[in-house]
Each structure stands twice: as structure tokens, then as C-alpha cells.
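# 3D model of this:
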Amino acid sequence: KNILGHNFYKLKKLYEFYGLPIERTWANQFGKFKPHNHIITKIEWLRTEVDVYDIEVEEFHNFIANEICVHNSSNLVNFQNIPMRDKENSYLVRSAFYPYPGHQLLEADFSGIEVRLAAVATQDPALIKYIKDPTSDMHRDQAQNLFLLDSEQVTKVLRYNAKNQFVFPEFYGSWFGACAENLWNTSKDEKLSDGTPVLEHLAQQRIRVYNDRIKRFELKYITNLETYTSHVQAEEENFWERFKVYRQWKEDQLDNYYTTGTVPMYFGFRRQGHLGKNKILNTSIQGTAFHCLLWCFIRLNNLRRKFKWKSLLCGQIHDSIVMSVHPDEKDMILKLLRKIMTQDLVNEFDWLNILFVMVLYPYQ
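Numbering: from 1, shown residues only. You can find the predicted model right below:
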């Protein structure tokens, strides 16, 4: 209608003239046609026949064509966002997942793949040093700074909060105000390793805060979100002074997008269209991380089909492969997973100059 300039009634006459049915009743593998449910943005001819891999359960729009993930999402049930922070909900949801009878669930997870790919992309020496020094821990160090703690006081939860409420958001374009609010809210019910509530500990700490009214700094206890935000703001400045090469890379990424309208990724893909700042900054790292996972997933699946394993590939969750493993094949699969994910991948792509690590989570 928009292209031809016709209204509904003129189009209806054209349909009738050419004997075309007006009602759309065709269907595909996902069911009957639903108006406005799909939008075609681009069509390209493939010169060769390729396999298509469905890596989720039937009726979900997530598949691999020509070894490319066409659509990475899941719902009903959302396999990729199972609750963690709420312990009761986490138990209820996770206890609903079972392997096939006689099998064992196995999750093969890249350790810190996004941080490692950020180091590959930015070549920031401070970030590379963190990755190559096994005694260091960037998220633990940041938790110490954010909560004014000694290393032995940092709990697993506080490290997790520092990682997901500050480090990653800062890497992907967030700012101190949003980080401070999230950190404050997620730490309200948390305690230090000695049992002291986090907010009670912060209330005993004093920081330098600039008083605009008297035009000088003064010492204040961290007793509310406003004061804590000032502290996080100072930590943000320290953070980007430490990772200044990464900071310059972010500026270069934005300049490139504003000039070309695209964001390049390491497997040769480019993302384009209208993108916000956060999407511009996280696409090349998160997108490439997902492609690394799928490269491994496809090769593992090829071996599974070739040797007719009893074990099955169930799906992927962000940076991990989930399998239902037969006990007789477990040791062999563990060795193959480690080889594919930590050796073959790096050997195949020489730009992966930061060593990958795999963590395995077997569940009985």
C-alpha cells in the first residue's frame, strides 16, 4: 500500500483482478501466519547448500544457518534468564530441569570470555595483565574499592555485584549514577564475611565529597545513596584511569559507528541500523563471544552426529553449552569440550591471542 500509493479498496480490486486470495492462511514450521510477526530486512543468495542447526526446542525461533546464528533468544520458558538472586525462585526454577533418564546434565562454560575478548579488542595492558596473572582478580579488586573492604572481607555475592553492577556496565557504556543505585539496592540485605551488614559497614566509612556550596571538599560518612553515588563517581574516574586504553577504544568505536553506521565483529559480521551507545560498545565483544561459542557448538554437534553419541546437545545459555550426557561418554566428551573450547578455537583464529579457559559444571 505504501509503495504503490493505493488504499485498501484499490488493492482489493487488484487482488480480485489477478485472482489472488485476500485472506492469508499459509503457515510455516512455527504455525499459522500471524500478521506483523515477521519482518524481512535482507535476502541474500547462498551459492552452496548448507546445514541448518536448530539449537533450541521445537517451535522456538533460534537456529543456525550457514554456521551463523540467525536469532538468539528464548522464551516460554526463558532458558537464558533463569533467576539467581532470589534463592527461592532460583531453586524452584532450576529444579525443574532434568537430563534424559540415566543421563547427567553438563554445562561447559567459557571463563570470563567477554573480558578476554575485550582485551583482544582493546589491547589494554592493564586488562591483559589481569587476565594473564592467575593470582589477580579484577572483580574482587573492584568490590574492595566499591565497598571499602579488605580482600578477605569480599564475599562471593559482593564480587558478583561488583562484576555485574559496575565492571561490565562501565565497559558497555553505563555511568556512575546507575551503577551506584544498583549496587546500593542489591547490597541492602547482604553481609560481609564476618556477618556485618554491608550498609552498616559503609555507614562507618568516610569519603571526600566536594561541597559546591562552600567550594571545597569535606569528609562525609556513607549513610545514604547520595553519598554513595559520590563515592562511586570517584571510583569510576579511577577505573577509567586504570583502563585508559580501553577508554580510548570506546571513543574510537563510537566515532567509527557515527562515520560508517556499522559495528564490525571479529568473525566478519557487521551490525548496522539505529543503535544506542551501549549497543555500539557491546556488540563487537558480546556478539563475537557468542560466535565463539557457536563455532564450538557446531563442531561438537558434528562429532556427535558422526559418531552417533547417546549424549545430546540441549542448548546454549550466553557463553555456555548445555548437554545431557550419557555416563559412558562423559569422560570422552569432557576431553573433547576442553580441546575444542580452549585449543581448537584459539588455533583456528590467530587474533584470539588471549588464552581461553573453560569451566565445567556437571550436575547429577
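
# Give the burial count for Ser284, as a bare number.
23 (other Cβ atoms under 10 Å). Yep, even glycine has a C-beta here, placed from its N, CA and C like the rest.

# if I look at it, how far off is Arg242?
22 Å (Cβ to Cβ, to the nearest Å).

# try Ala162
From Ala162 to Arg242 the distance is 14 Å (Cβ to Cβ).

# So these two - more neighbours on which side?
Neighbour count, other Cβ under 10 Å: between Ala162 and Arg242, Ala162 has more, with 26 against 17.

# so what's the more buried one up against?
139-140, 142-143, 146-147, 183 (Cβ atoms under 8 Å, 6 or more residues apart in numbering).

# can you rerun that using 10 Å?
If a contact means Cβ atoms under 10 Å, 6 or more residues apart in numbering, then Ala162 has 138-147, 154, 168, 179, 183, 187, 235 as its contacts.

# Just give the nearest non-adjacent residue to it, would you?
Ranked by Cβ to Cβ, 6 or more residues apart in numbering and with sequence neighbours excluded, the top spatial neighbour of Ala162 is Ala143, at 3.7 Å.

# Phe147 touches Leu192, doesn't it?
Yes. At 8.3 Å, Phe147 and Leu192 qualify as touching, with contact defined as Cβ atoms under 10 Å.

# what touches both of these two?
Joint contacts of Phe147 and Leu192 (Cβ under 10 Å, 6+ apart) are 153-155, 158, 198, 201.

# most neighbours, which of those residues?
Most neighbours among the shared contacts of Phe147 and Leu192, by other Cβ under 10 Å: Leu158, with 26 neighbours.

# related to what we said a few turns ago, closest one to Arg271 out of the shared contacts of Phe147 and Leu192, please.
Nearest to Arg271, judged by Cβ to Cβ, of the shared contacts of Phe147 and Leu192 is Leu158 at 34.0 Å.

# got a list of what that closest one touches?
Going by Cβ under 10 Å, 6+ apart, the list of residues near Leu158 reads 139-140, 142-144, 146-147, 149, 183, 186-187, 190-193, 198.

# switch the cut-off to 7 Å
Residues near Leu158 by Cβ atoms under 7 Å, 6 or more residues apart in numbering: 143, 147, 190.

# would you turn those into a markdown table with pLDDT, distance to Ala119 and secondary structure?
Listed next are the contacts of Leu158 as a markdown table, based on pLDDT from 0 to 100; distance: Cβ to Cβ, whole Å; DSSP: H, G, I helix; E, B strand; the rest coil:
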| residue | pLDDT | distance to Ala119 | secondary structure |
| --- | --- | --- | --- |
| Ala143 | 95 | 20 | helix |
| Phe147 | 95 | 25 | helix |
| Glu190 | 90 | 29 | coil |
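
# if I look at Arg94, how far off is Gly315?
In terms of Cβ to Cβ, Arg94 sits 15 Å off from Gly315.

# Same check on Tyr15?
Distance from Tyr15 to Gly315, by Cβ to Cβ: 42 Å.

# Compare neighbour counts for these two and give me the winner.
Just comparing Tyr15 and Gly315: by other Cβ under 10 Å the higher neighbour count belongs to Gly315, 18 against 12.

# Need the phi and psi values for that one.
Backbone torsions for Gly315, taken as degrees, to the nearest 10, come to phi 160, psi -170.

# beta partners of it?
When assigned by DSSP bridges, Gly315 has beta-bridge partners Val322.

# contacting residues for the closest residue to Pro169 other than its chain neighbours?
Of all residues not flanking Pro169 in the chain, Cys179 sits nearest, at 5.6 Å (Cβ to Cβ, 6+ apart). Residues in contact with Cys179, defined by Cβ under 7 Å, 6+ apart, are 165-166, 169-170, 232.

# Hmm, Ala143 is touching Val157, no?
No. Applying Cβ atoms under 7 Å as the test, Ala143 and Val157 come out as separate, 9.5 Å apart.

# Compare the two (neighbour count), which wins?
The neighbour count for Ala143 versus Val157, taken as other Cβ under 10 Å, is higher for Ala143 (26 against 16).

# any chance you could map the helices in the stretch 51-200 of the chain?
Along the stretch 51-200 of the chain, the stretches classed as helices by DSSP state H, counting those that start in this stretch are 87-94, 113-122, 125-132, 138-147, 156-162, 168-171, 176-186, 198-202.

# okay, those in a markdown table with distance to Met341 next?
Formatted as a markdown table, the helices of the stretch 51-200 of the chain follow (distance: least, Cβ to Cβ, whole Å):
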| stretch | distance to Met341 |
| --- | --- |
| helix 87-94 | 23 |
| helix 113-122 | 10 |
| helix 125-132 | 16 |
| helix 138-147 | 22 |
| helix 156-162 | 23 |
| helix 168-171 | 21 |
| helix 176-186 | 31 |
| helix 198-202 | 36 |
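
# Which of those helices sits closest to Tyr246?
Here helix 113-122 is closest among the helices of the stretch 51-200 of the chain (Cβ to Cβ), at 4.5 Å.

# Does the closest one pack against any helices or strands, and if so which?
Secondary-structure packing of helix 113-122 (3 or more Cβ pairs under 7 Å, 6 or more residues apart in numbering; DSSP states H and E): helix 125-132, helix 244-260, helix 288-306.
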